[in-house]
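Got a sequence here, can you build the structure:
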Amino acid sequence: MRQAVVVGAGISGLAAALALHRTGWAVTVLERAPELGAVGAGLTLWPNAMRALDVLKLGDAVRDRSVRIGESGGLRDPGGRLVVRTAGITEQVMTDLRALHRADLHAVLVDALPAGLVRTGCRVDSVGTDVVLADGERVTADLIVGADGVDSAVRRAFWPDRPRYRGYTAWRGVTPPGAVRIDGGVGETWGRGTRFGIVGLNGDRTYWFAVANAEPGVRYDDEWAEVRRRFGSWHAPIPALLEATPRQDVLHHDIVDLPPLKSYVDGRVVLLGDAAHAMTPDVGQGGCQALEDAVVLAARVTAGDSAAGLDAGLARYDAERRPRTQSIARLARRIGRFAQADNALLVPLRTQLLRLAPPRAAERTLDRITRWVPPPLD
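This is a model prediction of the structure:
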């Protein structure tokens, strides 16, 4: 059997490992953390991602652990006044738009993999024709998959590109079950250089995120108190969500993305997920594109191919995935810049533009992204 090494046991790495395993590869996943576990908060999965999960035979398991996002939400100002209502978005887009905790998706992927396939506590020291671990062990493979996130060690070994800060930072949290009712409150609120988002999760929990323009790397002794200071006077149910969230569970990360790489492939080394195309979260497609990557990669590099066939499959993966993911990343950057406007004159103009924009413009963009159909896995 052909050997594949996947570096990173996050969502992209586990999905790639499962897809490759199901197409005949012998797979080893190397994870630097001492034990498996998913950090993070909420995650949205658009119909394109759900189709990828269906190909992996995990769609129903994910639907059981997620909630469907309906059409009742909207975009508001900090006082609670409705700016844009999301009702009317095409059924094609909304029919399988779902939300779940990142840990739940991670658990579904872990449960689908054979026992012993993932090795924890494996820190990568260098990557060449083989993967060399920090303890000196050399792991040989026919294919090396870099799925180790935005700060990818695999990418650093072959590509000079580095993440870049986009000018805003984000806090995230999840309320305990039943703590706050959010009837009619699902959606986003935009202020001056600030945003707050609310998404319902299964188990009667609520995922929220707060975004603000800031200098990079700034951290606070009490992140919960800082979010409450910035957003505690905004419309309901935002203050209640913050009050209900355990202060030690608030996450804080700067928003970065990657410049467009010239290729996702170097020899027998391939990148996917955030390692290849980390994007800002402004269209909710980061995890979705990682799942697409995993399915396409496995479909193009079949285990029985010759060496030349493997090279051709990797070239095809790059040709399919790079234009699509980089186009979505560009869209996310544009939306992020628009949403984070903080000029006193531009913000009212932004509100007017949102109110006047024809709904079909947004629908066409979403349709182009979410109509993606995955290749079959043989």
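
Ile255 reaches Trp171, doesn't it?
No - look at Ile255 against Trp171 with Cβ atoms under 8 Å: they stay out of range, at 11.2 Å. In this view, the C-beta of every residue, glycine as well, is placed from N, C-alpha and C.

For the two, indicate the residue with more neighbours.
Trp171 (24 against 21; other Cβ atoms under 10 Å).

and for Ile255 and Trp171, which residues touch both?
Contact criterion Cβ atoms under 8 Å, 6 or more residues apart in numbering; residues bridging Ile255 and Trp171 by contacting each: Val211.

where does the stretch 251-378 of the chain dip in pLDDT?
Residues of the stretch 251-378 of the chain that meet the criterion pLDDT under 70 lie in 303-305.

Which parts of it are helices?
Ranges of helices in the stretch 251-378 of the chain, per DSSP state H, counting those that start in this stretch, are 274-277, 286-300, 307-339, 346-356, 359-370.

just the stretch 51-200 of the chain next, same as before
59-65, 91-94, 102-112, 153-158.

Sort out which residues of the last one are buried, please.
Applying a neighbour-count criterion of 16 or more other Cβ atoms under 10 Å, one finds 153-158 buried in helix 153-158.

Endpoint to endpoint, stretch 160-167 covers what distance?
22 Å (Cα to Cα, to the nearest Å).

Which single strand of the protein contains the most residues?
Longest strand of the chain, by residue count under DSSP state E: strand 164-174.

that older thread, check the helices of the stretch 51-200 of the chain for me: which has the lowest mean pLDDT.
Of all these, mean pLDDT reaches its minimum on helix 91-94 (a mean of 64).

tilt between the longest strand of the chain and helix 102-112?
Put simply, strand 164-174 runs at 90 degrees to helix 102-112, going by axes from the mean of the first three to the mean of the last three Cα atoms, to 10 degrees.

For the stretch 101-250 of the chain, which residues score under the pLDDT cut-off?
Filtered on pLDDT under 70, the stretch 101-250 of the chain yields the residue ranges 184-185.

residue ranges of the strands in it, please?
Here the stretch 101-250 of the chain has its strands, by DSSP state E, counting those that start in this stretch, at 118-119, 124-127, 130-133, 138-140, 143-146, 164-174, 187-190, 194-201, 205-213.

just those: most buried one?
Of all the strands of the stretch 101-250 of the chain, strand 143-146 carries the top mean neighbour count, a mean of 28, counting by mean count of other Cβ atoms under 10 Å.

partners of that one, with directions?
Take DSSP bridges as the rule and strand 143-146 pairs in its sheet with strand 3-7 (parallel), strand 269-271 (parallel).

Take those strands and write them to a markdown table, including distance to Met279 and mean neighbour count.
Listed next are the strands paired with strand 143-146 as a markdown table, based on distance: least, Cβ to Cβ, whole Å; neighbours: other Cβ atoms under 10 Å:
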| stretch | distance to Met279 | mean neighbour count |
| --- | --- | --- |
| strand 3-7 | 20 | 26 |
| strand 269-271 | 14 | 28 |
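
Out of these, which is closest to Asp148?
Asp148 lies closest to strand 3-7 among these, at 4.7 Å (Cβ to Cβ).

which residues sit against the closest one?
With Cβ under 8 Å, 6+ apart as the test, strand 3-7 has contacts from 13, 16-17, 20, 25-30, 124, 127, 131, 139-148, 152-154.

for stretch 56-65, same thing?
If you take Cβ under 8 Å, 6+ apart as the criterion, stretch 56-65 is touched by 15, 18-19, 22, 45, 50-51, 53, 98, 100, 104-105, 108-109, 111-112, 202, 291, 294-295, 377.

at 7 Å instead, please
The contact list for stretch 56-65, computed with Cβ atoms under 7 Å, 6 or more residues apart in numbering, reads 15, 18-19, 45, 50, 53, 98, 100, 104-105, 108, 112, 202, 295.

any chance of the strands paired with strand 143-146 in CSV, with distance to Arg371 too?
Listed next are the strands paired with strand 143-146 as CSV, based on distance: least, Cβ to Cβ, whole Å:
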stretch, distance to Arg371
strand 3-7, 28
strand 269-271, 25
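
and the nearest residue to Asp254 once chain neighbours are set aside, what are its bridge partners?
Spatial nearest neighbour of Asp254, chain neighbours left out: Thr169 (4.8 Å); criterion: Cβ to Cβ, 6 or more residues apart in numbering. Beta-bridge partners for Thr169, by DSSP bridges, are Ala212, Asp254.

when you give positions from now on, start the count at 26
In the new numbering, first residue 26, that becomes Thr194.

Quick check: the gap between Thr194 and Ala300.
Thr194 is 22 Å from Ala300, where distance means Cβ to Cβ, to the nearest Å.

Is it correct that Gly225 is in contact with Thr231?
Yes - the pair Gly225 / Thr231 is scored as a contact, 5.8 Å apart, by Cβ atoms under 7 Å.

hey, what's in contact with both of these two?
Ile207.

can I assume Arg230 is in contact with Val199?
Yes - in this structure, Arg230 is within contact of Val199 by Cβ under 7 Å, at 5.5 Å.

If you count contacts, what does the helix or strand hosting Leu45 end up packed against?
Following DSSP states H and E, one finds Leu45 within helix 36-47. Applying 3 or more Cβ pairs under 7 Å, 6 or more residues apart in numbering; DSSP states H and E, we find helix 36-47 packed against strand 28-32, strand 51-55, helix 127-137, helix 311-325.

Contacts for the longest one, please.
Outside helix 311-325, the residues within contact range by Cβ under 7 Å, 6+ apart are 36-37, 40-41, 44-45, 48, 68, 70-71, 73-74, 77-78, 80-81, 295, 297-299, 302, 304, 338, 341-342, 345-346, 350, 353, 397, 399-402.
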